[in-house]
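Novice: Sequence and predicted structure, then a few things I'm wondering about:
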Amino acid sequence: IWYNMLSVSEFLYCKEGQLIMFTKDKKQLNDVFPLRNNYSSQLYIQRPILERNFNKALDSNLCILLRGNSGCGKSWLTSYMLEKSDATYTFINLASANQYNSIYDIFLCKLNKIKTGYSETKEAEVGIPIARGLLQASNSYTLNYDYFVEYLKTLSGNKKYLVFDNFESIISNNKIINELGCLITRMDDPEIQEYTTRFIIIGTNPEIQSFFGGLPNRDTIDNRIFEMPEVKGFTIEESIKLIIEGFHALDIRVNQCAEFCKKIQSLTNGEPQKVHELARTIAETCHDNNVSVIDNPDFYSNELLRNSLQQWLSTSFSNNYSYLSFEFNNNLTSSKSLYNHVLFYLAEYDKIEFTLTQFYVGMTAYFPGIEAKLSKRATNMYLKRLASLEGNNNVLIEKGREIYTIRNYKNILCLRSMLHLKDDIVCMLDISEL
């Protein structure tokens, strides 16, 4: 697998389980681990299973629904697949539809950018701010235009896609959902078909299709939709490829590389954006300290990795860390350390929804002998507390009698990074040491 990840122009060898890597051309940090940025085909990590599913969706010639948590790579996957299929595509941010309260006004705004044509009447009627210097342009649009069709006329290419991003921003706006539903039903109209344009809708919501359920034309919409399986994080192989190639390109050698990559995968849950962020933070710390070799992959005993993790916690999880660290230090009972064991195991637990019995059985197997100190009833008390924190900080949701679900997985990732075991004692990483 290691050979498949490196190009033939690069050299590596293995010695006593250590991966030693060399590179010819040192790259800049932003070339390897960019901050959240526009799509780059050179930085894209191939995701074979998702790409096969996406090809099936494209072949269906239907409106594609793509869902997954923020930062899981939905937009990059879409850009990669559309470029690979030689399609022309345009991203439309549905958050802008909320600003204008109409999808059609987004098309108008795009038309005006293309034609540089405005009118004072339009400025007043649709409330779109206009540069005064452009008011005299000869091309302008009036309300009797179908801005959607007019915009389709401006697109070039044999295959064209409009990608509606951030669907979650309109779920409380029935007017815009209705407009989007109407646009989906129009895609098979002869007038529209001549422009060979299809839709892709991207959002974080589970069951995006259900939001069209209240519309009178919902059956027609359902027949025009292809809903893809949820886009999740990188597989371990995909994370390894990104991390290895990245540190290799930056001339940073990592001993015990497999263990190092697996730890980053665990801390980030393989979410592409977080893998990028943590790897970038580690690389920055290496460069700031003139370190070119990471010889110990333990994030808590290796000072450089510990500092990197503290920095990452302070920038990516500052709010979560604030109230979770309070819970860790909370002196509610004399068995505070047992509460911390519950917090630790919750971070290690791999289920989104679980019963008290499932959790307790798993925890007592993870910490042999803890059942003598921590009863099932006390464990339930701690889980109930995590489902009833003040404000909007609940870690869990109590769905029924002794049934819990993770409310926000970001809390789990924060706990996973800030807590670690040392001689069977749960310890917390203190970001105030930075």
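Specialist: Structure received.
Novice: hey, let's count contacts and neighbours off CA atoms from now on
Specialist: OK.
Novice: what ranges do the strands span in the stretch 1-150 of the chain?
Specialist: Using DSSP state E, counting those that start in this stretch, the strands of the stretch 1-150 of the chain run over 11-15, 18-22, 63-67, 88-93.
Novice: rank the ones you listed by pLDDT, which is bottom?
Specialist: Of all the strands of the stretch 1-150 of the chain, strand 11-15 carries the lowest average pLDDT, namely a mean of 41.
Novice: can you pull the contacts of the residue lying closest to Leu421 once chain neighbours are set aside?
Specialist: Leaving out its chain neighbours, the residue that sits closest to Leu421 by Cα to Cα, 6 or more residues apart in numbering is Cys427, at 5.9 Å. Cys427 makes contact with 419-421 under the criterion Cα atoms under 8 Å, 6 or more residues apart in numbering.
Novice: Ser156 looks like it's in a helix, true?
Specialist: No - Ser156: not assigned to a helix; according to DSSP: H, G, I helix; E, B strand; the rest coil it is coil.
Novice: OK, contacts around the residue nearest to it when sequence neighbours are not counted?
Specialist: Nearest non-adjacent residue to Ser156, counting by Cα to Cα, 6+ apart: Thr88, 7.0 Å away. Contact analysis of Thr88 by Cα under 8 Å, 6+ apart lists 82, 155-161.
Novice: cool, and Phe317?
Specialist: 410, 414.
Novice: So it versus Leu152, what's the distance?
Specialist: Distance of Phe317 to Leu152, computed by Cα to Cα, to the nearest Å: 42 Å.
Novice: likewise Ile252?
Specialist: Taking Cα to Cα, one finds Ile252 at 48 Å from Leu152.
Novice: Those two: who's more crowded?
Specialist: Between Ile252 and Leu152, counted using other Cα atoms under 10 Å, Ile252 has the larger neighbour count: 22 against 19.
Novice: Wait, the more buried one touches Val293, no?
Specialist: Yes - because the distance of 5.7 Å satisfies Cα atoms under 8 Å, Ile252 is recorded as touching Val293.
Novice: Ramachandran angles for Glu327?
Specialist: Main-chain dihedrals, Glu327, degrees, to the nearest 10: phi -60, psi -40.
Novice: what number of residues lie near it?
Specialist: So Glu327, with other Cα under 10 Å, has 18 neighbours.
Novice: Please, which helix or strand holds the nearest residue to Val149 once chain neighbours are set aside?
Specialist: Distance criterion Cα to Cα, 6+ apart; nearest residue to Val149, sequence neighbours excluded, is Ile192 at 7.2 Å. Per DSSP states H and E, Ile192 falls inside helix 190-193.
Novice: just checking, next helix/strand downstream of that helix?
Specialist: Going down the chain from helix 190-193, the next helix or strand is strand 197-203, by DSSP H and E.
Novice: ok, and what's touching that next one?
Specialist: With Cα under 8 Å, 6+ apart, strand 197-203 has contacts from 61-68, 74-75, 152, 159-168, 184, 187.
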